[in-house]
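J.: Show me the folded form of this:
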Amino acid sequence: MREDYQSLIDEISALLGTPATLEGRDFALIAFGAHEAGDGSSPDLDPVRTSTILRRRSSTAVRAWFESYGIAHATGPVHIPPDPTAGVSTGRLCLPARHGGVVHGYVWLLEDAALETSDPRLLQAQSRAARIGELLAADARAGSETGELLSTLLEAPAAEQRARAEEGLAAKLRDRATGPLAMLAVVPWPSGQRYGAPAPRAPGLPNVLAESLLPVRQQAGRVESGQRSGRASPQGGQPPPVALAALVRLHAGGSLAPARTAAERLLATPRLSDDGTGGTDRSPGTVRGTGAVATVTAPGDTRTGAGAGLSAPTRGLGELRTAWRQALAAARVAAADPRHGPVGAWESLGPYRLLVALGGPHVGRGAANEVTATTGAAPAGSVEQDAADPAVRPLLAHRGLSDTVECFLDRAGQAGRTASELGIHRQTLYYRLSRAERLTGLDLHDGEHRLLLHMALKAARLAGRP
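T.: Numbers count the residues shown, from 1 in each chain. Predicted coordinates for the structure are as follows:
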C-alpha cells in the first residue's frame with residue numbers, strides 16, 4: 001500500500017471512529033483501516049468489505065449497486081443504507097475523493113447511524129478525502145505519461161521514436177529503470193477497454209512501474225500493422241481487442257515473483273460489460289444471495305480464452321521489445337495450454353518457445369506482429385496454419401484421439417503413466433495409438449515421426465484448435 005494513502009485513511013478512521021477503506025475510481029482497493037470486531041462496540045464484519053479486502057477489488061455487481069446511489073457524480077458525502085440481502089450488512093458513508101471537478105476514488109466508512117452533515121468531524125474527513133483525490137489525480141497523470149512512453153517504446157516503427165521514448169521513460173523511472181525488470185502481458189484485456197484508454201492501476205503493487213493498453217492487430221484487411229485505433233473494425237462493428245502491457249521491477253536476484261503476483265492480481269480484475277461502458281444491472285438484486293462475491297467473468301477464466309505471460313528477467317529498457325514479445329508468447333501459451341496457465345513464463349514454455357521462434361514472418365518480428373497471433377486467427381505463413389501437416393491433419397479431426405496421442409508423447413511414450421493419467425486401460429491406450437498410426441501413416445516407434453507429431457499437436461493447441 002502507498003504510505004500517503006494509508007496514513008490518510010488511518011486519520012479518517014481515527015477521526016470518525018469507524019473502519020475506512022479507499023478504492024480507486026475503478027473500485028480497486030488502495031488502502032484500508034483496521035477493523036476490530038467482536039468487542040461489542042464495533043460493527044460486525046461486513047461481507048462486502050471483507051470480500052473487497054480479500055479480492056483487493058469490489059466485484060462488478062457490487063460496483064454497480066453502489067454506483068446506483070450516484071456516487072460517481074457526487075460532490076459531497078453519500079449515505080447508503082444497509083441491505084443484508086445484497087451482502088451489505090452495515091450502512092456506508094461514501095466520501096468521494098474529488099479533484100479538479102472529477103471523482104478519482106472513494107473513501108468508504110462503515111456506519112451504524114448516519115452522521116449529521118453538520119458534524120465537524122465529517123468536514124475534517126472531507127478535507128482529507130479531497131487530499132486523497134489530489135494524490136490520485138497526480139498519480140493518474142504520472143501513470144498516463146509513463147504508459148504512453150512504454151507504448152511508444154514497444155510499438156513505434158521508427159528507431160528514433162523508440163530511442164526518445166526510452167530516454168523519457170528512463171528519466172521518469174530514474175534508478176528503477178536499470179533493472180532487473182520483466183514485461184507482463186494479459187491477452188486479451190477486457191473488451192470494454194480500448195486502445196487509448198487509461199491502463200488500469202495496479203493497486204498494492206509498487207513493483208509495477210508502467211502500464212499501457214496496446215492494440216491486438218488482426219489479419220491483414222482488418223487492422224493494419226502499426227495502426228493505433230480504438231475505432232470499430234470494418235467487420236462486425238467491434239473495436240480491435242487490446243492487450244495489457246506492464247513493466248515490472250523485480251527483486252535483486254531477478255526472481256519473477258513480483259511479476260507473477262501482479263499478473264495474478266490483474267487476472268482477478270472483473271471484466272467490463274460487453275457494451276464497453278462497464279455498466280450492468282443497477283438494482284440491488286444483482287448481488288442478492290451472493291454475499292457480495294458475485295460470479296464475474298475475468299481474464300484468465302477458462303471461458304474467456306485470456307492468459308497472462310511473463311518475460312525472462314532483463315536489465316535496462318533497451319531489451320523491453322524482446323521481453324514484450326516473450327511475455328505475449330507466454331500469455332498466448334497460458335491461454336492455450338492449462339498446464340502453463342493461468343500465468344505462463346517464457347523460460348518455462350519448453351517446445352512452445354521453438355514454435356514461436358519458427359513462426360514465420362508474422363510471429364516474433366516486432367511487438368506489433370507478435371500481438372497478431374493473440375487473436376486466435378492464424379495468419380498465412382505462420383506455424384499455426386502450416387502445422388496442419390498432411391499426415392497429421394486427419395488426426396486433428398479427432399479431438400479425443402489427438403489428446404490421447406499428445407498425452408502419450410508428453411510422457412515420453414510411457415504407456416503406464418499415460419494410461420493412468422487418462423484413466424483408461426493399457427489395451428485401450430494401445431488401440432488408440434494404433435488407430436492414430438493408421439490415420440497419420442506415422443510410426444510412433446520412429447523418433448522423427450514422433451517429433452513431427454508432437455510439434456504438430458503443440459502447434460495446433462497454440463492455434464486454439466476446436
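
J.: which stretches of the stretch 1-150 of the chain form helices?
T.: 3-16, 47-55, 60-67, 120-155 (DSSP state H, counting those that start in this stretch).

J.: Determine which stretch of these is the most buried.
T.: The highest average neighbour count among the helices of the stretch 1-150 of the chain, using mean count of other CB atoms under 10 Å, belongs to helix 60-67 at a mean of 24. Glycine gets a C-beta too; all of them are placed from N, C-alpha and C.

J.: That one packs against which elements?
T.: On a contact count with 3 or more CB pairs under 8 Å, 6 or more residues apart in numbering; DSSP states H and E, helix 60-67 meets helix 47-55.

J.: pLDDT on the helix it packs on, on average?
T.: Computed over helix 47-55, the mean pLDDT rounds to 68.

J.: same thing with stretch 459-466?
T.: Rounded mean pLDDT across stretch 459-466 is 73.

J.: Next, A308: secondary structure please.
T.: Assigned by DSSP: H, G, I helix; E, B strand; the rest coil, the conformation of A308 is strand.

J.: hang on, the earlier thing: quickly, which of the helices of the stretch 1-150 of the chain bottoms out on average pLDDT?
T.: helix 47-55 - the lowest mean pLDDT of the helices of the stretch 1-150 of the chain, at a mean of 68.

J.: Who are the contact partners of L433?
T.: For L433, the contact set (CB atoms under 8 Å, 6 or more residues apart in numbering) comprises T404, V405, F408, L444.

J.: mind listing which of these are in strands?
T.: Among the contacts of L433, DSSP state E puts none in strands.

J.: can I get those residues in JSON lines with distance to L22?
T.: JSON lines is the format used below for the contacts of L433 (distance: CB to CB, whole Å):
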{"residue": "T404", "distance to L22": "52"}
{"residue": "V405", "distance to L22": "53"}
{"residue": "F408", "distance to L22": "53"}
{"residue": "L444", "distance to L22": "60"}
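
J.: Out of those, flag the one nearest to L149.
T.: V405 (47.2 Å; CB to CB).

J.: you'd agree the closest one is up against R435?
T.: No: in terms of CB atoms under 8 Å, V405 does not count as a neighbour of R435; the distance is 9.6 Å.

J.: So between those two, which is more surrounded?
T.: Per other CB atoms under 10 Å, whichever of V405 and R435 has more neighbours is V405, with 27 against 15.

J.: what about G423, neighbour count?
T.: G423 - counted by other CB under 10 Å - has 7 other residues nearby.

J.: try L266
T.: Applying other CB under 10 Å, we find 24 residues neighbouring L266.

J.: Ok, C407 next?
T.: For C407, using other CB under 10 Å, the count is 16.

J.: For it, report the pLDDT, please.
T.: Per-residue confidence (pLDDT) for C407: 94.

J.: ditto for A34
T.: 71.

J.: Look up how far E421 lies from it.
T.: A34 is 48 Å from E421, where distance means CB to CB, to the nearest Å.

J.: For the two, indicate the residue with more neighbours.
T.: Ranked by neighbour count (other CB under 10 Å), A34 and E421 place E421 first, with 15 against 9.

J.: In a helix, the more buried one, correct?
T.: Yes: counting by three-state DSSP, E421 falls inside a helix.

J.: Just give me the neighbour total for S118.
T.: For S118, the count of nearby residues is 7 (other CB under 10 Å).

J.: nearest to L153, of the contacts of L433?
T.: Nearest to L153 among the contacts of L433: V405, at 42.7 Å, using CB to CB.

J.: In three-state terms, label the closest residue to that closest one other than its chain neighbours for me.
T.: Of all residues not flanking V405 in the chain, A436 sits nearest, at 4.9 Å (CB to CB, 6 or more residues apart in numbering). Recorded secondary structure, A436: helix (three-state DSSP).

J.: For the closest residue to A331 other than its chain neighbours, which residues are in contact?
T.: Excluding the flanking residues, the one nearest A331 by CB to CB, 6+ apart is G309, at 3.1 Å. Residues near G309 by CB under 8 Å, 6+ apart: 184-185, 187, 263, 326-334, 343-346.

J.: Also R49?
T.: Counting by CB under 8 Å, 6+ apart, R49 has contacts P19, T21, F32, H35, T90, W108, L110.

J.: How about E11?
T.: E11 neighbours (CB under 8 Å, 6+ apart): R128.

J.: How about the one 4 residues further on?
T.: In this structure, L15 makes contact with R121, Q124, A125, R128, judged by CB under 8 Å, 6+ apart.

J.: where do the helices sit along the stretch 251-400 of the chain?
T.: Secondary structure of the stretch 251-400 of the chain (DSSP H, counting those that start in this stretch): helices at 257-267, 320-336, 351-357, 367-372, 383-386, 393-396, 399-410.

J.: among these, which gets the worst mean confidence?
T.: helix 367-372 (a mean of 36).

J.: looking at the helices of the stretch 251-400 of the chain, which is closest to Q427?
T.: Closest among the helices of the stretch 251-400 of the chain, using CB to CB: helix 399-410, at 13.1 Å.

J.: buried stuff in that closest one?
T.: For helix 399-410, the buried set under the neighbour-count rule, 16 or more other CB atoms under 10 Å, comprises L401, S402, T404, V405, E406, C407, F408, L409, D410.

J.: want to try JSON lines for the residues you listed, with distance to E155 as columns?
T.: Below are these laid out as JSON lines (distance: CB to CB, whole Å):
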{"residue": "L401", "distance to E155": "42"}
{"residue": "S402", "distance to E155": "37"}
{"residue": "T404", "distance to E155": "42"}
{"residue": "V405", "distance to E155": "39"}
{"residue": "E406", "distance to E155": "35"}
{"residue": "C407", "distance to E155": "39"}
{"residue": "F408", "distance to E155": "42"}
{"residue": "L409", "distance to E155": "38"}
{"residue": "D410", "distance to E155": "36"}
